[in-house]
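Visitor: A predicted structure for the sequence below; I have some questions about it.
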Amino acid sequence: MPNRIAHCSRAAAAFVTIVLFAQLASAATPTDTWVQLNLNSHPSARVNAPMAYDPVGKDLVLFGGYDGITYKNDTWIFKNKTWEQLNPPVAPPARTAAAMSYDVQLKKVVMFGGFNGLQYLGDTWIWDGAAQTWTQATPTSKPTPVTLPMMFTDPLDGHAEMVGG
């Protein structure tokens, strides 16, 4: 266990030091530069927290993760170079290693799966960036419970798709 916590602490240092890749335009030659942000507010150190960009809310959404001791069920958004913790009235149960992706057809972020410390999860949750709310989905068919799947927005039909886990 000490190795996992040490690894989590090293990952936390990288996570907390949020950097943005900024395109700096100059008259002669554009250059790509990393910019370090020193933030007053940010999610605590954690691993395997799913994140996805939400073009409706125009922010990055982060949910849950594992800090080496606790499985989290907090929701954060990153917008305008600032992290903000949200407190929606309903939230998915705590988890790590879930997957998230934006679904163009739904105009919402979809989250599936993960691990809560006791079992693999097979539930689906929908993040509505306009209302900043979570809703549990009840699809008629769904994948088996899984951890660390990959989700992406299908470029052909815009739906959230999942592979692996």
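Guide: Sure, I can see it. Treat the numbers as computed from the prediction; the structure is a model and nothing was measured. Numbers count the residues shown, from 1 in each chain.
Visitor: all strands of the protein, in order?
Guide: 19-24, 31-36, 51-54, 59-66, 71-79, 82-86, 99-103, 108-112, 124-128, 133-137, 150-153, 160-163 (DSSP state E).
Visitor: the ones you listed: which one's closest to Ser44?
Guide: strand 71-79 (7.8 Å; CB to CB). For glycine as for every other residue, the C-beta is placed from the backbone atoms N, C-alpha and C.
Visitor: now for that closest one, which elements pack on it?
Guide: Where contact means 3 or more CB pairs under 8 Å, 6 or more residues apart in numbering; DSSP states H and E, strand 71-79 is packed against strand 59-66, strand 82-86.
Visitor: next, count neighbours for the closest residue to Pro89 other than its chain neighbours.
Guide: Of all residues not flanking Pro89 in the chain, Thr133 sits nearest, at 7.1 Å (CB to CB, 6 or more residues apart in numbering). Neighbour count of Thr133, defined by other CB atoms under 10 Å: 16.
Visitor: in contact with Thr133, which residues?
Guide: By CB atoms under 8 Å, 6 or more residues apart in numbering, Thr133 lies in contact with 88-90, 127.
Visitor: and of these, the nearest to Thr33?
Guide: Closest approach to Thr33 among the contacts of Thr133 (CB to CB): Trp127, at 31.1 Å.
Visitor: on that earlier part again, what pLDDT does the residue nearest to Pro89 get?
Guide: Among the per-residue scores, Thr133 shows a pLDDT of 97.
Visitor: who does it bridge with?
Guide: Asp128 (DSSP bridges).
Visitor: excluding chain neighbours, what is closest to Gly117?
Guide: Tyr71 (5.0 Å).
Visitor: I misspoke; the intended subject was Ser101.
Guide: Of all residues not flanking Ser101 in the chain, Met151 sits nearest, at 3.6 Å (CB to CB, 6+ apart).
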